[in-house]
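Asks: requesting a structural model of the entry that follows:
(chains A and B)
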Amino acid sequence: MGTILTRMGDGTYITVSEDELKRDLEDGTRDASEKAGIPTLSDEELRHLFEIYRSPSKVVSVEPGHEVVLSYDAGTLKLQRLGISTGRVHNIQLMERAMGADTMEMGHVDYSFKPVKPIVSDEQQEFEQALLVSTLPLFYGAMPNLAIYSQPDGPLPNPAELLPMGKIKEARASQEAAVKMAVKDIVYVASALYESGADGINFDTTGAAGDPDFLATLQAAKILKEKYPDICIELGMAGEFVLGMHGAMEYEGVRLAGLYPHEQVTLAQKAGVTIFGPTVNTNTSKSCPWNIARAITFIKPCVQNATIPIHANMGMGVGGAPVVDNPPTDAISRASKAMVEICRLDGL
Amino acid sequence: MGVGDPLGMAITHAIASGMGGMRTAGDLVARMQMTRGMKIKEAKEYVAKKLSVSVLELSDPVIMAEVRDDLNIGLVRSLPRRVKGIDAKFRITEILGIDINCVNRFKERVRTSQK
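Replies: The predicted model follows:
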């Protein structure tokens, strides 16, 4: 029995025996299955995962012909964050011509719909220039981010301060008011960018502020789809589980708190979303094999329930990718291959 | 989604499981997902049929560079006298039989300016 070099969820190297690798894969799939009430991975799927992680190669990949479409949250900002002195239009061209990107996204450095609203004409101006010099499909993206509608960043009383004081009714009223404001802002900004020529609008990290965040996004998606029937809306989630920050919010009669990816996608489809991005957060105190087995177990039934394309979130700290700024090639390529092949994804 | 996170992740995903963008037919398959809501299999088959290539060839940069050059739908290397940027999207709307939002907006702007 040989030893296998792999990593923890924080990216640090570990060596495990074949038995330990098998145990981690089984524990990971069982954890997701128990939490979401979904099937564990089959023996065949676990064997496939075992072979992917047993490979001594630094980089692994899908077989030729099985590649998928990649979409990029905060696309232009990722190069900007490295401190490279380029503009967003340059970054789109770099990703298109040099990095093999299938799609790209432009976003504002303060990556939420609310701060974009007062400067939307500036965003439109640069976006329209980007459309002239690029060929690949171009999204405009931002986070719904309902947390910034409460004090000190916004006008509403802060639910996180009201709840510990037992003011549940007041906290919920604040969240309900935030939903209305956010829907208005999202529709305003997304309409402007769509009318500038965007191929799609990307709602990134949806649900970061819990069920009010998810509700506002679904409502905004529905309004936009009715207003522009041909619009492409991509909706990516913040985590595998919709947090019940309000607890009683519903969409189409379904309570949002506690929904897992295979349930979230059904509501996204009803709202008119074109591409859905399920997310599963990485546990840094568990191994990468444990995390990928868990993530795949959550996302596989989401793909099975979907009639729309599914692009799983595989950025830093999600989808079995370790939580580390310098993502190791061995860990990312294994997560990438495993997720695409077992979940039969349409994209990442 | 999120495959472009800092310091190397975008390259790793592109190599491990990405279609290759304009090096191949990744941008075209993406357009079928975005405009028609097609799943990956259907989107690839649709694009392969329109380009008269096999599904396997869609992600082959050698074949696709020739196909893209022949069809004049944009190359990663922006050669003189070839379409680039939005020019290529005008050609893509015709070849794939789809609407591209910015192409339609461009046509509207030009029409308006001629009035």
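Asks: so, low pLDDT: which residues of chain A?
Replies: Scanning chain A with the threshold set as pLDDT under 70 gives A:1.
Asks: regarding it, what is its longest helix?
Replies: In chain A, taking DSSP state H as the definition, the longest helix is helix A:168-195.
Asks: and the residue of chain B found nearest chain A, backbone torsions?
Replies: Using Cβ to the nearest Cβ, B:Gly2 is the residue of chain B that sits closest to chain A, at 2.5 Å. The C-beta positions use only the backbone N, C-alpha and C, and glycine is treated the same way. Backbone torsions of B:Gly2, given as degrees, to the nearest 10, read phi 80, psi 10.
Asks: three-state assignment of the nearest residue to it once chain neighbours are set aside?
Replies: If you skip the residues right next to it in sequence, B:Gly2 has A:Gly315 as its closest partner in space, 2.5 Å away by Cβ to Cβ, 6 or more residues apart in numbering or on different chains. Each residue gets one of three states, and A:Gly315 gets coil by DSSP: H, G, I helix; E, B strand; the rest coil.
Asks: give me every residue that touches A:Gly315.
Replies: When contacts are counted by Cβ atoms under 8 Å, 6 or more residues apart in numbering or on different chains, A:Gly315 touches A:Asp73, A:Ala321, B:Met1, B:Gly2, B:Val3, B:Gly4, B:Asp5, B:Met9.
Asks: pLDDT at the residue nearest to B:Ala88 when sequence neighbours are not counted, what is it?
Replies: Ranked by Cβ to Cβ, 6+ apart and with sequence neighbours excluded, the top spatial neighbour of B:Ala88 is B:Gly74, at 3.1 Å. pLDDT, B:Gly74: 95.
Asks: wait, B:Gly74 sits on B:Arg68?
Replies: Yes: B:Gly74 is within contact range of B:Arg68, at 6.3 Å (criterion: Cβ atoms under 8 Å).
Asks: mind listing the shared neighbours of those two?
Replies: B:Met22.
Asks: so who does A:Arg334 touch?
Replies: A:Arg334 makes contacts with A:Ile52, A:Tyr53, A:Ser55, A:Val60, A:Cys288, A:Ile292, A:Gly320, as judged by Cβ under 8 Å, 6+ apart.
Asks: hmm, which two among the contacts of A:Gly315 are most spread apart?
Replies: A:Asp73 and A:Ala321 (12.9 Å; Cβ to Cβ).
Asks: can you pick out the residue with more neighbours from those two?
Replies: Neighbours were counted for A:Asp73 and for A:Ala321 using other Cβ atoms under 10 Å in any protein chain shown; A:Ala321 has more, 32 against 28.
Asks: neighbours of A:Glu128, how many?
Replies: Neighbours of A:Glu128 (other Cβ under 10 Å): 17.
Asks: quickly note the distance from it to chain B.
Replies: 8 Å (Cβ to the nearest Cβ, to the nearest Å).
Asks: check which helix or strand that residue maps to.
Replies: Applying DSSP states H and E as the criterion places A:Glu128 in helix A:120-133.
Asks: okay, now the unreliable bits of chain B?
Replies: B:4, B:6, B:112-115.
Asks: the helices in it, which residues?
Replies: Using DSSP H, helices in chain B cover B:9-16, B:26-36, B:40-51, B:61-71, B:86-96, B:101-114.
Asks: so the first one, near chain A or not?
Replies: If I follow you right, that is helix B:9-16. Yes: counting by Cβ under 8 Å from any Cβ of the partner chain, chain A has neighbours in helix B:9-16: B:Met9, B:Ala10, B:Ile11, B:Thr12, B:His13, B:Ala14, B:Ile15, B:Ala16.
Asks: can you get me a residue count around the residue nearest to B:Glu57 when sequence neighbours are not counted?
Replies: Distances taken as Cβ to Cβ, 6+ apart place B:Ile63 nearest to B:Glu57, at 4.5 Å, with adjacent residues excluded. Neighbourhood size, B:Ile63 [other Cβ under 10 Å]: 17.
Asks: B:Ile63 reaches B:Leu56, doesn't it?
Replies: No: in this structure, B:Ile63 is not within contact of B:Leu56 by Cβ under 8 Å, at 9.0 Å.
Asks: pick out the residue of the stretch 1-150 of chain A closest to chain B.
Replies: For the stretch 1-150 of chain A, Cβ to the nearest Cβ, closest residue to chain B: A:Asp102, 3.5 Å.
Asks: contact partners for that residue?
Replies: Going by Cβ under 8 Å, 6+ apart, A:Asp102 touches A:69-71, A:136-137, A:347, B:18-21, B:26-27, B:29-30.
Asks: just to be sure, it is in a helix?
Replies: No: if the criterion is three-state DSSP, then A:Asp102 is coil and not within a helix.
Asks: quick check: closest non-adjacent residue to it.
Replies: B:Gly26 (3.5 Å).
Asks: correct me if wrong: that neighbour contacts B:Gly20.
Replies: Yes: if you go by Cβ under 8 Å, B:Gly26 and B:Gly20 touch, sitting 5.0 Å apart.
Asks: quick one, which of these two is more surrounded?
Replies: Set B:Gly26 next to B:Gly20 and count neighbours by other Cβ under 10 Å: B:Gly26 wins out with 29 against 22.
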